[in-house]
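>>> Here's my sequence, what's the structure:
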Amino acid sequence: MAFRTLDDMGDVRGKRVLVREDLNVPMADGVVTDDTRMRATIPTITELADAGAIVLVLAHFGRPKGPSAELSLSHIVPAYSAVLGRPVRYVDWEGDAAAVAALAPGDIAVLENTRFFGGEETNDPAVVARFAALGDLYVNDAFSAAHRAHASTEGLAHALPAFAGRAMEAELTALDKALGRPEHPVAAVVGGAKVSTKLAVLEHLVAQVDRLIIGGGMANTFLAARGVDVGKSLCEHDLVGTANAIFDAADKAGCTIHLPYDVVVARELRANPPTRTVNVHEVAADEMILDIGPAAVEALADVLKNCRTLVWNGPLGAFETPPFDTATVALARTAAALTHDGSLVSVAGGGDTVAALNQAGVADDFTFVSTAGGAFLEWMEGRELPGVAALSN
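Numbers count the residues shown, from 1 in each chain. Next up, the predicted model:
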């Protein structure tokens with residue numbers, strides 16, 4: 001997909017640049033508890049400020065039903081200033097035009113929560129026009145919000161000259177390598193609790209990848225579709241027919257679906273309970289499948305060694321509860337090693353996935369790890385993301 005980046009902006013000195021970022025950070029007792037999203041904005045914000053632009057940051061915070069003191073972005077400004085290592089001003093919507101006019105080239109200001117306007121989430125042209133009146137240029141740097149056709153994520157891209165920020169550029173480049181124009185063979189790891197939450201992902205991927213590795217609770221539904229008694233395991237028995245349809249679609253597309261043939265089972269889901277590693281046909285009626293077994297992990301590692309591209313979303317087992325993180329950690333480390341060797345392009349995304357890769361200590365070793373949740377899933381479903389599509393026009 002063709003889109004303009006900061007390299008195409010020309011001279012921005014003295015220009016007012018509206019930059020859509022994701023600053024929806026977690027807070028507790030008035031303190032930002034995770035500044036990952038803030039740090040992701042550093043390249044774009046500092047590059048523009050250093051070039052003499054007047055940087056006006058647009059972002060949402062929480063889900064307000066209108067103006068709310070509790071959900072004011074003023075609360076995050078001190079932490080954001082510390083992350084950027086330079087002063088950051090706060091601009092309320094009351095008197096915003098005058099406040100913006102007083103800013104000098106190189107200044108950075110965070111505008112108030114975009115969702116204080118009821119028309120933000122409905123992409124109201126009046127709200128788009130209100131935002132656009134404050135700027136000369138628009139930059140979207142928030143892939144995580146790109147699946148929403150809001151005034152600040154989609155509407156502004158039609159009202160002002162629009163460009164992708166550095167974080168957005170990196171994300172789109174990585175995703176293009178993963179499923180847009182990947183080097184084959186392509187493998188996808190899809191895990192998680194339920195098939196129903198990732199049905200569209202699975203249906204799309206079987207036509208896109210060569211190897212589809214299914215893990216987590218959703219693998220139990222596919223095992224049940226193959227006649228395996230999964231005992232007390234989480235299983236959507238009403239979707240067995242759907243699973244069989246996905247098997248059929250994969251066969252027609254030449255995609256191989258990989259399911260575990262040995263599994264780790266326990267009678268209860270808690271930390272370090274008594275466990276057994278058994279063949280999938282040996283699961284007792286009172287046992288739950290909670291992770292993939294070592295023989296299956298070794299076989300999946302061999303699959304990755306013969307692939308050139310990997311897309312990963314979701315853990316292989318109940319990774320939050322030890323020892324059921326073993327398979328996810330082991331396969332993630334294999335993928336990281338192959339990436340380090342230069343034989344694999346690895347792209348991963350989604351909240352649980354990022355947590356699992358961090359737990360394995362390999363998040364920095366993947367080619368790209370997206371922190372976007374809904375946007376990453378919709379991209380895996382093959383859906384057009386409004387905020388991205390607007391940049392290509």
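
>>> The closest residue to Val127 other than its chain neighbours and Glu21, how far apart?
Distance criterion CB to CB, 6 or more residues apart in numbering; nearest residue to Val127, sequence neighbours excluded, is Gly119 at 3.7 Å. C-beta: built from backbone N, CA, C; applies to glycine. From Gly119 across to Glu21, the span is 20 Å (CB to CB, to the nearest Å).

>>> on that earlier part again, and the residue nearest to Val127, what does it touch?
Ala126, Val127, Ala151 (CB atoms under 8 Å, 6 or more residues apart in numbering).

>>> In this structure the second one contacts Glu121, no?
So that's Val127. No: using CB atoms under 8 Å as the test, Val127 is too far from Glu121 to be in contact (9.4 Å).

>>> The two: which is more packed in?
Val127 (21 against 18; other CB atoms under 10 Å).

>>> Where does that one fall, secondary structure wise?
Using DSSP states H and E, Val127 falls within helix 125-132.

>>> Show me what counts as buried in that helix.
Val127, Val128, Arg130, Phe131, Ala132 (16 or more other CB atoms under 10 Å).

>>> Same list, those residues, but as CSV with distance to Leu259 and pLDDT please.
Output for those, formatted as CSV (distance: CB to CB, whole Å; pLDDT from 0 to 100):
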residue, distance to Leu259, pLDDT
Val127, 48, 97
Val128, 48, 97
Arg130, 53, 96
Phe131, 49, 97
Ala132, 51, 97
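
>>> any chance of those in a markdown table, plus distance to Asp141?
A markdown table is the format used below for these (distance: CB to CB, whole Å):
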| residue | distance to Asp141 |
| --- | --- |
| Val127 | 20 |
| Val128 | 18 |
| Arg130 | 21 |
| Phe131 | 15 |
| Ala132 | 17 |
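
>>> So which of those is the closest to Arg37?
Nearest to Arg37 among those is Phe131, at 20.5 Å by CB to CB.

>>> Show me what the helix or strand where Ile257 lies is packed against.
Secondary structure assignment for Ile257, by DSSP H and E: strand 256-258. When contacts are defined as 3 or more CB pairs under 8 Å, 6 or more residues apart in numbering; DSSP states H and E, strand 256-258 packs onto strand 211-214, helix 240-253, helix 294-305.

>>> Adding mean neighbour count and mean pLDDT, write these out as JSON lines.
Listed next are the helices and strands packed on strand 256-258 as JSON lines, based on neighbours: other CB atoms under 10 Å; pLDDT from 0 to 100:
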{"stretch": "strand 211-214", "mean neighbour count": "24", "mean pLDDT": "97"}
{"stretch": "helix 240-253", "mean neighbour count": "16", "mean pLDDT": "96"}
{"stretch": "helix 294-305", "mean neighbour count": "18", "mean pLDDT": "97"}
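
>>> Thr221 is nearest to which of the ones you listed?
helix 240-253 (5.3 Å).

>>> Measure how far that closest one is from the centre of its chain, please.
Chain-centre distance of helix 240-253: 26 Å, with CA atoms, centre = their mean, to the nearest Å.

>>> Quick one: list the elements packing against it.
If you count contacts as 3+ CB pairs under 8 Å, 6+ apart, helix 240-253 packs onto helix 199-205, helix 216-225, strand 256-258.
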